[in-house]
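Participant: Provide a 3D model corresponding to the input given below.
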Amino acid sequence: MAQASAPKDNRPHIVIAGAGSIGCFVGGLLIRGAHRVTLLMRERMADEILRQGLTITDFNELDEELSPDVFGIATTPECLKTADIILVTVKSSATEKMAQEIRAHAPTYAVVISLQNGVGNAEILQNNLPDHDVRAGMVPFNVVSKGGGCFHRGTSGDIIIAKGKNHIARMLSVPDLHFQDRADMAPVQWGKLLINLNNALNALSGLTLREQLSSMPWRRLMSDQMAEAVRVLEKAGISAETPMSRRIPIRFVPKILRLPSPVFKRVARTMLTIDPLARSSMWEDLEKGRLTEIEELQGLIVTLAQEKGDKAPINMRVASLIRDAEKSGRGSPQLLPHEIHV
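Facilitator: Below you'll find the model as predicted:
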């Protein structure tokens, strides 16, 4: 008697290219939403998840355990051969290498979406993948690894991707993970970069994000750093919009940070939800002895200022302190605001 063949899986194949904290969390929710997903990741991470499974949690009491039997895990790029959608989540410094692997292995019909920090990664991908549909993306929330295959989302927000064919944002949206599309991604990405400047301050402080935002001295420093960067972008003719709320112009955010604490808390609550234990990904990088993305954040602001004959002393100082912390390998230096401000 002939044995019936297994039914073909006609679902689009989504590959998370460079699955770290963001990639595992996003991938986990897509898996939970019945998508066909493969996590392309480092061998150490793959071993951890194969042993302990993938757990995703968040500030809103999400707690989901996913067995490795229901998704793919890969440590080599051959899995890209059957990809329909590739979500790139590597650090900015690894974008070029990942683009080369996509070019070597993925079919040209695969849609490539950058879910990375910084503003230049989609351009790097497109330059290396001229035959692909490459789209910029912006992830507003932060995710940290809690170890044991568990990844925790500490802040809120919807992922935004560039608008294109086939309603990709609608297709990817699942419970607890919503995608929006936008025709012009550049202002969104620059706005996210301005918000992400606090990643470094949070890493230098050693505090949780909630503790940091509850402190007026820290908020003053955040405000001054952002106001300096906004001035640099304006001088460079670059538009930015607030990623949490389009109703609030980005130039008002430094002023909001300087509001009295009771007023600030009320305003901030309408823009963002923050888990009590949330910290920035840069804090996690320092704690684990990894290189950060400081060059794509404060480093970029300093470079832009210099190109326009201007200076950005606060951003320069913060970048220098993060580089020192990277070299020391001792985690967060747990500085106070007055030890950073210039």
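Participant: make it CA atoms for all contacts and neighbour counts henceforth
Facilitator: Noted.
Participant: helices along the stretch 101-250 of the chain, start to end?
Facilitator: For the stretch 101-250 of the chain, the helices defined by DSSP state H, counting those that start in this stretch occupy 121-128, 168-172, 186-205, 209-213, 216-235.
Participant: just these: most buried one?
Facilitator: helix 186-205 (a mean of 24; mean count of other C-alpha atoms under 10 Å).
Participant: name the helices or strands packed onto it?
Facilitator: strand 133-138, helix 209-213, helix 216-235, helix 281-287, helix 313-328 (3 or more C-alpha pairs under 8 Å, 6 or more residues apart in numbering; DSSP states H and E).
Participant: tabulate the ones you listed (TSV), appending distance to residue 250.
Facilitator: Formatted as TSV, the helices and strands packed on helix 186-205 follow (distance: least, C-alpha to C-alpha, whole Å):
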stretch	distance to residue 250
strand 133-138	16
helix 209-213	18
helix 216-235	8
helix 281-287	22
helix 313-328	18
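Participant: any idea which of those gets closest to residue 54?
Facilitator: Closest of the helices and strands packed on helix 186-205 to residue 54 is helix 281-287, at 18.9 Å (criterion: C-alpha to C-alpha).
Participant: ok, residues contacting that closest one?
Facilitator: Helix 281-287 has contacts (C-alpha atoms under 8 Å, 6 or more residues apart in numbering) with 142-144, 199-200, 202-204, 206, 291-293, 325-326, 329-332.
Participant: hang on, the earlier thing: turn the helices and strands packed on helix 186-205 into TSV, including distance to residue 107 and mean pLDDT.
Facilitator: Listed next are these as TSV, based on distance: least, C-alpha to C-alpha, whole Å; pLDDT from 0 to 100:
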stretch	distance to residue 107	mean pLDDT
strand 133-138	11	98
helix 209-213	41	93
helix 216-235	38	97
helix 281-287	32	95
helix 313-328	38	98
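Participant: residue 228 reaches residue 305, doesn't it?
Facilitator: No. Using C-alpha atoms under 8 Å, residue 228 is not in contact with residue 305, being 9.7 Å away.
Participant: any idea how far the helix or strand of the chain with the lowest mean pLDDT is from the chain center?
Facilitator: The weakest-scoring helix or strand in the chain, judged by mean pLDDT, DSSP states H and E, is helix 261-271 (a mean of 84). Centre-to-centre, helix 261-271 and its host chain are 24 Å apart (C-alpha atoms, centre = their mean, to the nearest Å).
Participant: ditto for stretch 130-141
Facilitator: With C-alpha atoms, centre = their mean, you get 12 Å for stretch 130-141.
Participant: in it, what counts as buried?
Facilitator: Using 16 or more other C-alpha atoms under 10 Å as the test for burial, stretch 130-141 gives 132-141.
Participant: make CSV out of those residues and add distance to residue 224.
Facilitator: Converted to CSV, the buried residues of stretch 130-141 look like this (distance: C-alpha to C-alpha, whole Å):
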residue, distance to residue 224
132, 41
133, 39
134, 35
135, 32
136, 29
137, 27
138, 24
139, 24
140, 22
141, 23
